[in-house]
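[1] for reference, the sequence and a predicted model appear below.
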Amino acid sequence: MFEQYARVREVTQHHCEPLQTEDYVPQAAEFASPPKWHLAHTTWFFEEMVLRRFVEDYSVFHPDFGFLFNSYYQTVGERAIRAQRGLITRPTVQAVYQYRQHVDEAMARYLAKPIPDEARALITLGLNHEQQHQELLLTDLKYLFSLNPTYPVYRSDGGRVGDRNAEDGWVSVPEGVYEIGHEGEAFCFDNELDRHKVYLQPYAISKALVTNGEYLAFLEDGGYTHFGYWLDEGWEWVRANQVQSPLYWHKIEDRWHHYTLAGLKPVEEEAILAHISYYEAHAFANWKGLRLPTEFEWEAACPQFPWGKRWEWTASSYQPYPGFAIGDGAVGEYNGKFMVNQMVLRGASVATSEGHSRPTYRNFFHPFFQWQYSGIRLAK
């Protein structure tokens, strides 16, 4: 199992290779954490959940790290204020890398011998947790760099927004009862359980995601100035925040550009749209005379269309499935307590770590967030 552990841990550090020391510390917004914090928090998970629990002679790297790098686990104890993660200049970046090495070496020793099933399950959860943070590290870093007026290049080949649709047209799905949710012995998060039946009316779902060009037509037709397309809460969000385009879009000399991790680039009309809030997705669908699919419609149809380039907003609020149960201890805080005021996204994105998604995966965010690689698939 250590090979899998080491492989996942290496990806996190690979994402940090282009960074300078100054890039590791700033926090651009409360919802976006600094790279240093991501490096430390994913390490804290293995120290707190595995090593301290299952290794009798384990020596904690530093007594303050549990407080500094806990995220939202009330069961584990006090933690630093989320909005102030960027103020934690000490420990240094070097110390955080030493922390990772300390925990990795302890995990290597622990995994060199047989381990109980409970520990194995927690390690598997920890690896999937780290993969989630790998994507957040990239999207948080993009948000941070986008606020720099020089539009810095993270990786010259790392734009991640030039994908085109491979198919077009519609998938027609007959009415009927469909099985939804994870089954089998492979890993899943608890919010993908229990598998259950849903009845769906007949519908059609697009094989293609909405492109920049299609969304540009909505924008130029006054999409952001016509309240009739918007949910009331979405319209208030547009007005309060003076939203006039997708996140990272800038009109320069009468041409739209957008910030990418490869720097500022012209918006390519044939490329798939990214960085859209649920409010914007809902308004665009209204403008088209169509709608967003529910998460159940998405899951029932997804074998019939390509997916994985963008997280796709659905019309479903984030709620527990029938039979869902919150687990004991800190692990029980992972998903259940967030099942309010959020919308479900399905699929994966160009920033999602390899092997980290599946048709039953339920991502979720508040409807005003744009900083993920989120897009639109239409239904009717």
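    Arrived safely.

[2] can we go C-alpha only for contacts and neighbour counts from here?
    Fine.

[3] in terms of pLDDT, where does the closest residue to R52 other than its chain neighbours sit?
    Once flanking residues are discounted, R52 sits nearest to Y58: 6.3 Å by CA to CA, 6 or more residues apart in numbering. Here the pLDDT value assigned to Y58 is 97.

[4] pretty sure Y58 sits against E48.
    No. Using CA atoms under 8 Å, Y58 makes no contact with E48, being 10.7 Å away.

[5] who's in contact with the residue nearest to R52?
    Taking CA atoms under 8 Å, 6 or more residues apart in numbering, we find Y58 in contact with L51, R52, A106.

[6] how about P152?
    Contacts of P152 by CA under 8 Å, 6+ apart are F145, S146, L261, A262, G263.

[7] hmm, 10 Å instead?
    K142, F145, S146, Y259, T260, L261, A262, G263, L264 (CA atoms under 10 Å, 6 or more residues apart in numbering).

[8] quick one, domains of the chain?
    For the chain, the structural domains run 2-146, 170-375, going by automatic domain parsing.

[9] follow-up on the earlier one: let's have the contacts of Y58 in CSV, adding distance to Q94, secondary structure and neighbour count.
    Shown next, in CSV, are the contacts of Y58 (distance: CA to CA, whole Å; DSSP: H, G, I helix; E, B strand; the rest coil; neighbours: other CA atoms under 10 Å):
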residue, distance to Q94, secondary structure, neighbour count
L51, 22, helix, 21
R52, 23, helix, 14
A106, 19, helix, 17
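
[10] of those, closest to K207?
    L51 (45.6 Å; CA to CA).

[11] distance of that closest one from L264?
    To L264, L51 is 44 Å away according to CA to CA, to the nearest Å.

[12] identify all contacting residues around stretch 79-91.
    With contacts defined as CA under 10 Å, 6+ apart, stretch 79-91 is touched by 24-37, 62, 64-73, 96, 99.

[13] where in this protein is pLDDT low?
    For the chain, the stretches flagged by pLDDT under 70 are 74-76, 330, 332-334.

[14] by contact count, what packs against the lengthiest helix in it?
    Using DSSP state H, we find that the single longest helix of the chain is helix 117-146. Identification of packing neighbours for helix 117-146 by 3 or more CA pairs under 10 Å, 6 or more residues apart in numbering; DSSP states H and E yields helix 2-16, helix 35-46, helix 52-54, strand 255-260, strand 263-266.

[15] now render the ones you listed as TSV, adding distance to I88.
    TSV is the format used below for these (distance: least, CA to CA, whole Å):
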stretch	distance to I88
helix 2-16	18
helix 35-46	9
helix 52-54	24
strand 255-260	27
strand 263-266	28
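
[16] among these, which comes closest to V243?
    That would be strand 255-260 among these, by CA to CA, at 14.7 Å.

[17] partner strands of that closest one, with direction?
    Paired strands of strand 255-260, with direction, are strand 249-252 (antiparallel), strand 263-266 (antiparallel) (DSSP bridges).

[18] turn those strands into JSON lines, columns for mean neighbour count.
    Converted to JSON lines, these look like this (neighbours: other CA atoms under 10 Å):
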{"stretch": "strand 249-252", "mean neighbour count": "15"}
{"stretch": "strand 263-266", "mean neighbour count": "18"}
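
[19] between these, which gets nearest to G159?
    Across these, closest to G159 is strand 263-266 (CA to CA), at 7.5 Å.

[20] can you map out the helices along the stretch 51-200 of the chain?
    Here the stretch 51-200 of the chain has its helices, by DSSP state H, counting those that start in this stretch, at 52-54, 65-69, 93-110, 117-146.

[21] quick one: closest of these to T12.
    helix 117-146 (5.7 Å).

[22] how about that closest one: buried residues?
    122-146 (16 or more other CA atoms under 10 Å).

[23] same thing with stretch 347-356?
    Across stretch 347-356, burial judged by 16+ other CA under 10 Å covers G347, A348, S349, V350, A351, T352, S353.

[24] kindly report the same for stretch 20-31.
    Judged by neighbour count using 16+ other CA under 10 Å, the buried positions of stretch 20-31 are D23, Y24, V25, P26, Q27, A28, A29.

[25] what about it, start to end distance?
    End residues of stretch 20-31 are separated by 22 Å (CA to CA).

[26] neighbouring contacts of that stretch?
    Residues contacting stretch 20-31 (CA under 10 Å, 6+ apart): 16, 32-39, 81-90, 92-94, 140-147, 369, 371.

[27] leaving out sequence neighbours, find the closest residue to S357.
    A348 (6.1 Å).

[28] give the contact list for that neighbour.
    By CA under 10 Å, 6+ apart, the contact set of A348 is 307-312, 354, 356-359, 361-363, 373-374.

[29] which PyMOL command selects the buried ones in those?
    Here is the PyMOL command that picks out the buried ones among the contacts of A348, judged by 16+ other CA under 10 Å:
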select buried, resi 307+308+309+310+311+312+357+359+361+362+363+373+374
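
[30] closest to E3 out of the contacts of A348?
    Distances from E3 to those, taken by CA to CA, are shortest for E354, at 15.6 Å.

[31] you'd agree V344 is in a strand?
    Yes. According to DSSP: H, G, I helix; E, B strand; the rest coil, the state of V344 is that of a strand.

[32] which residues touch it?
    278, 294-295, 311-319, 361-367.

[33] please repeat the previous calculation with a cut-off of 8 Å.
    By CA under 8 Å, 6+ apart, the neighbours of V344 are E295, W313, T314, A315, S316, S317, Y318, R362, N363, F364, F365.

[34] check the secondary structure at the fifth one for me.
    The assignment at S316 comes out as strand when based on three-state DSSP.

[35] from S374, how far out is it?
    On the measure of CA to CA, S316 and S374 end up 15 Å apart.

[36] kindly report the same for the fourth one.
    The gap separating A315 from S374 is 14 Å, by CA to CA.

[37] thank you, goodbye.
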